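Colleague: Can you look at this prediction? I've put the sequence above it.
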Amino acid sequence: MDEQNKNLILAVVLSGLVMLVWMTWFAPTPPDTGQVSAGAEQAQDAATLPSAPLSQSAPATSNTPAPEAADAPRVDIQTGRISGSISLTGGRIDDLQLLDYDQTLDEDSDNVRLLSPVGSEHPYYAVYGWAPGGELGANDVPGPTTQWALVSGETLTPDSPVVLEWSNDLGMRFQRTISVDDDYMFTVRQSVLNGTDSSQRVAPYGLIERRNLPEMQNFFVLHEGVVRLNDNELAEIKYKKMPDMDFVAREGAQAEVADVEQNGWIGFTDKYWMTTIVPKPGQGFRSVAKYLPQSETYQAYASLPTVELAAGESAEVETFLFAGAKEKATISQYEDSLGIERFIDSIDWGWFYFLTKPIFFGLHWLNALIGNMGWAIIGLTLILKAALLPLAYKSYVSMAKMKELQPEMEKIKERAGDDRAKLQQETMALYKKERVNPAAGCLPLLLQIPIFFSLYKVIFVTIELRHAPWFGWIRDLSAPDPSSILNLFGLLPFAAPDPNSLLAIVSLGVLPILLGISMWLQQKLNPTPTDPAQAAIFAWMPWIFMFMLGTFASGLVLYWITNNVITFIQQYLIMRSHGHKPDVIGNILRSLRLKKKEPAD
């Protein structure tokens with residue numbers, strides 16, 4: 001077999017293997033709505049208080065139903081980027097919409113809702129409080145059903161914080177001041193004054209709670225669930241793995257507990273959105289990820305050290321709450337200005353983070369320069385191909401030399417006959433003499449695989465590509481090409497098949513078709529293999545890839561098309577520079593059986 005064709009077939013097989021693994025493990029599954037019974041929901045109408053930190057004894061859990069969202073008095077939240085409200089029942093931040101993001105591309109689409117109150121389909125909120133210690137009971141500290149009083153501020157805005165207050169029957173006064181910036185960061189300052197005639201012990205906490213399994217993308221490549229930093233250790237727990245956590249007696253449920261000495265944060269992350277409790281840098285705390293199976297409740301919270309207050313003494317603690325979109329620039333700004341260690345790593349960079357991060361930064365630098373994410377992807381592909389050009393050049397030169405050695409290889413085969421040892425020995429001697437590396441042709445492909453995965457990760461998880469248009473019909477580079485060959489790309493008067501239908505498998509868009517054509521043309525730089533099996537593999541592979549990648553993000557397909565075109569040009573020019581002019585048209589005609597067969601001798 002032609003050594004050049006061996007390399008090409010190996011490259012095709014490797015690519016096919018990669019795609020097979022990708023489609024097997026990374027393909028999405030239908031979202032699980034995660035509904036629970038009405039009885040289980042009613043049993044958890046109130047937020048569950050966390051177990052107490054460090055030396056504190058565990059508080060009791062309140063089972064008293066909290067008022068529904070419509071009945072609870074509220075304080076409005078209004079900034080340029082978010083809107084919502086705070087429930088005075090429990091003082092929960094439980095109603096939040098992101099004004100810069102719509103749920104779909106439809107003109108009348110609602111904004112993305114991040115947080116939802118009790119009584120909604122998927123309650124999701126943040127609540128703060130104090131866990132009781134010593135002789136204090138659950139009713140002596142503000143809890144999930146506490147009715148706070150608004151003592152300052154009418155609407156929470158970047159210029160006007162709000163102050164909530166509540167006092168117990170013993171003479172202790174609790175106050176909570178909530179402020180918000182122009183983006184997504186809340187600052188929550190909790191204070192307590194011990195008005196009793198004896199010392200008291202309390203412990204502050206901040207808690208994020210989700211009930212029912214949220215709707216998810218369910219991609220293997222994507223992390224959805226708890227993300228937290230314990231000092232310098234980043235940890236992730238998927239929602240589906242939380243029920244498998246060990247039972248922790250002091251938490252009374254499945255949980256993972258870690259004591260953080262100085263720097264850390266904990267919260268829930270989805271594909272594009274995140275809600276995270278962030279104690280002030282330098283503050284030690286107990287980080288807890290918890291699952292309550294009886295009500296399908298997921299918790300992430302930070303318990304701060306117990307405070308002991310003498311009679312008449314007061315204490316204050318301040319924490320941050322991030323609730324918004326995982327924008328790289330915004331998160332980086334918080335990391336720098338607030339000193340939140342490794343906050344940028346709350347974005348899911350994946351296994352190839354050492355490639356994903358620079359690819360991300362390069363892509364967004366080009367986007368800022370060009371002003372269009374589609375052209376930025378094409379520009380980034382040019383840069384990546386230029387960086388790999390020296391290696392590609394050596395690869396193509398090696399392949400050209402292999403082709404030049406074919407006459408010598410045929411002579412060796414004739415001399416060796418059926419003696420495989422002699423064939424291998426003389427072949428390796430020829431390679432050594434001519435300084436040819438037969439494996440060099442596959443090296444660029446091996447490097448291309450992690451780059452492909454990294455770029456896919458960037459396109460898939462970074463919010464900056466969500467709803468980012470290219471031109472014409474490509475209005476969202478993070479979604480598949482919406483055009484369809486079944487309605488002649490919009491020329492026929494009916495819509496394309498639903499993406500979830502069986503017809504969607506053959507409903508190819510313009511970009512996937514261009515991908516198949518670009519791969520097919522790249523093959524035609526070399527003659528079709530004479531072996532029928534090899535020829536069949538080469539004939540089908542571009543079209544198999546076309547269908548396999550048809551449902552991938554448009555941005556990724558655009559990258560692959562651009563990569564194929566550049567590879568074609570590079571290989572063509574290098575082959576020409578070594579005295580071999582590729583007969584592309586002739587190879588196409590022969591593969592289509594349009595060229596007349598030469599007469600037999």
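Modeller: Thanks, I have the structure now.
Colleague: Which residue ranges make up the domains of this protein?
Modeller: Following automatic domain parsing, the chain resolves into domains at 3-20+357-591, 44-348.
Colleague: Comparing the ones you listed, which stretch has the densest surroundings?
Modeller: Most buried of the domains of the chain by mean neighbour count (mean count of other Cβ atoms under 10 Å) is domain 44-348; its value is a mean of 19. C-betas here are computed from N, CA, C, even on glycine.
Colleague: if I look at the closest residue to E121 other than its chain neighbours, how far off is Q254?
Modeller: Among residues not flanking E121 along the chain, N212 sits closest, at 7.4 Å (Cβ to Cβ, 6 or more residues apart in numbering). Going from N212 to Q254 by Cβ to Cβ, to the nearest Å gives 16 Å.
Colleague: can you check D76 too?
Modeller: Applying Cβ to Cβ, the value for D76 to Q254 is 37 Å.
Colleague: Quick one: residues contacting K241.
Modeller: G225 (Cβ atoms under 8 Å, 6 or more residues apart in numbering).
Colleague: Checking my notes, it in a helix, right?
Modeller: Yes - assigned with DSSP: H, G, I helix; E, B strand; the rest coil, K241 falls within a helix.
Colleague: confidence score at it?
Modeller: Per-residue pLDDT puts K241 at 94.
Colleague: Pick out the shakiest of the domains of the chain, pLDDT-wise.
Modeller: Among those, domain 3-20+357-591 carries the lowest mean pLDDT, a mean of 79.
Colleague: now that domain, how far from the centre of its chain.
Modeller: Relative to its chain's centre, domain 3-20+357-591 lies at 25 Å (Cα atoms, centre = their mean, to the nearest Å).
Colleague: centroid residue for the protein?
Modeller: The centre of the chain sits closest to V461, judged by Cα atoms, centre = their mean, with a distance of 3.3 Å.
Colleague: show me where this structure has helices.
Modeller: Remark: helices assigned in the chain by DSSP state H are 3-25, 38-43, 328-337, 353-370, 373-387, 389-404, 406-416, 420-434, 443-461, 510-523, 532-548, 554-577, 584-591.
Colleague: Relative to I266, how far out is the closest residue to D259 other than its chain neighbours?
Modeller: Of all residues not flanking D259 in the chain, R286 sits nearest, at 5.5 Å (Cβ to Cβ, 6+ apart). R286 is 10 Å from I266, where distance means Cβ to Cβ.
Colleague: my guess is K290 meets R250, correct?
Modeller: No - K290 is beyond contact range of R250, at 11.0 Å (criterion: Cβ atoms under 8 Å).
Colleague: Distance of R176 relative to L514?
Modeller: According to Cβ to Cβ, R176 stands 57 Å off from L514.
Colleague: nope, T155 is what I meant
Modeller: Counting by Cβ to Cβ, the gap from T155 to L514 is 52 Å.
Colleague: Likewise for D108?
Modeller: Counting by Cβ to Cβ - D108 and L514 are separated by 32 Å.
Colleague: now A392
Modeller: 22 Å.
Colleague: try I412
Modeller: On the measure of Cβ to Cβ, I412 and L514 end up 42 Å apart.
Colleague: Likewise for I574?
Modeller: 24 Å.
Colleague: can you check F247 too?
Modeller: Separation of F247 from L514 (Cβ to Cβ) stands at 54 Å.
Colleague: same thing with G129?
Modeller: Distance of G129 to L514, given as Cβ to Cβ: 57 Å.
Colleague: now do K241
Modeller: For K241 relative to L514 (Cβ to Cβ), the value is 40 Å.
Colleague: Please apply the same query to G371.
Modeller: Applying Cβ to Cβ, the value for G371 to L514 is 24 Å.
Colleague: Check L304 too.
Modeller: With Cβ to Cβ as the criterion, L304 and L514 are 56 Å apart.
Colleague: now swap in L309 and tell me
Modeller: L309 sits 70 Å away from L514, going by Cβ to Cβ.
Colleague: same thing with G417?
Modeller: Separation of G417 from L514 (Cβ to Cβ): 47 Å.
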